[in-house]
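In: I would like the atomic coordinates for the input below:
(one chain, ligands or ions: 1)
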Amino acid sequence: MDCDIRELESSAVYKILTGSILPRPIAWVSTQDKLGVANLAPFSFFTVASLNPPVLAVSILRKPDGSEKDSLRNIRDTGEFVVNIANQPLAEAMNLSCGAYPAEVDEFDVAGLQKSRGQSVHAPGVAQAPVRFECVLHGSLDIGAGPGAGTLVLGEIRHLHVADQVYRQGHIDLDALQAIGKLAGDGYARVHDDFDLARP
Ligand SMILES: Cc1cc2nc3c(=O)[nH]c(=O)nc-3n(C[C@H](O)[C@H](O)[C@H](O)COP(=O)(O)O)c2cc1C
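Out: A predicted model of the protein is given here:
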């Protein structure tokens, strides 16, 4: 198939993008609103944007009615968030946290998760997460308008937590981490069939 992307329905574009750009890492983003209500949601349009300073990039799309998701509103209002890394043991809780709950619902409670106190931000982290990155908002870029329009959020990491069980001799132990990645639809991948290639 070859086509001008403008001829495709946005649902077809979504299926092609999420079916070919994979597996995607999952930023499990915790925030809190101006009143202190915690929020938690997963986002797989996620990567590292810079090492110096260390910055993460997460893209949060507009809802079908064109409004902003709670995570984005909280990040704009407070200027901070935590990226928790969800692994296989936390997959079901991560999935529970993605429901379209009202803003006043705390997804930590919905998913039965404990909060860890932020060291450099007010937003709580997921206590059970093997890795947590506490971020302050470095900047954001609104892309488009209406349903599905993205806002690229850049978060500068101020504090990180890595559980001792997954950290060995200066490296994250892949087997201990039990990392998962997002595929298309309801699909997920486990990261265990890896291989090495030395760079030229
Ligand atoms: C694994 C996974 C990955 C997701 N990735 C994204 C994403 O990259 N961008 C996005 O806007 N929504 C994504 N979603 C949907 C959001 O998690 C969902 O809209 C959530 O309700 C947003 O919560 P909030 O309104 O509390 O911010 C994803 C959902 C799942 C389960």
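
In: Around the ligand, pick out the residues from the chain.
Out: Within the chain, the positions adjacent to the ligand are 26, 39, 41-45, 59-61, 69-71, 95, 98, 100, 182 by CB under 6 Å from any ligand atom. Where you see a C-beta, it was placed from the backbone N, CA and C, and this is true even at glycine.

In: Just the residues you listed: which are in strands?
Out: Counting by DSSP state E, these place 39, 41, 42, 43, 59, 60, 61, 182 in strands.

In: what helix or strand is residue 159 on?
Out: Here residue 159 sits within strand 150-162, counting by DSSP states H and E.

In: Just the buried positions in that strand, please.
Out: Neighbour-count burial for strand 150-162 flags 150, 151, 153, 154, 155, 156, 157, 158, 161 (criterion: 16 or more other CB atoms under 10 Å).

In: Please name the bridge partners of the residue nearest to the fifth one when sequence neighbours are not counted.
Out: Think residue 155. Spatial nearest neighbour of residue 155, chain neighbours left out: residue 135 (2.9 Å); criterion: CB to CB, 6 or more residues apart in numbering. Beta-bridge partners recorded for residue 135 (DSSP bridges): residue 81, residue 157.

In: hang on, isn't residue 135 packed against residue 118?
Out: No: Residue 135 is beyond contact range of residue 118, at 10.2 Å (criterion: CB atoms under 8 Å).

In: next one: stretch 16-32 to chain centre, how far?
Out: 6 Å (CA atoms, centre = their mean, to the nearest Å).

In: so how far is the first residue of that stretch from its last?
Out: From its first residue to its last, stretch 16-32 covers 33 Å (CA to CA, to the nearest Å).
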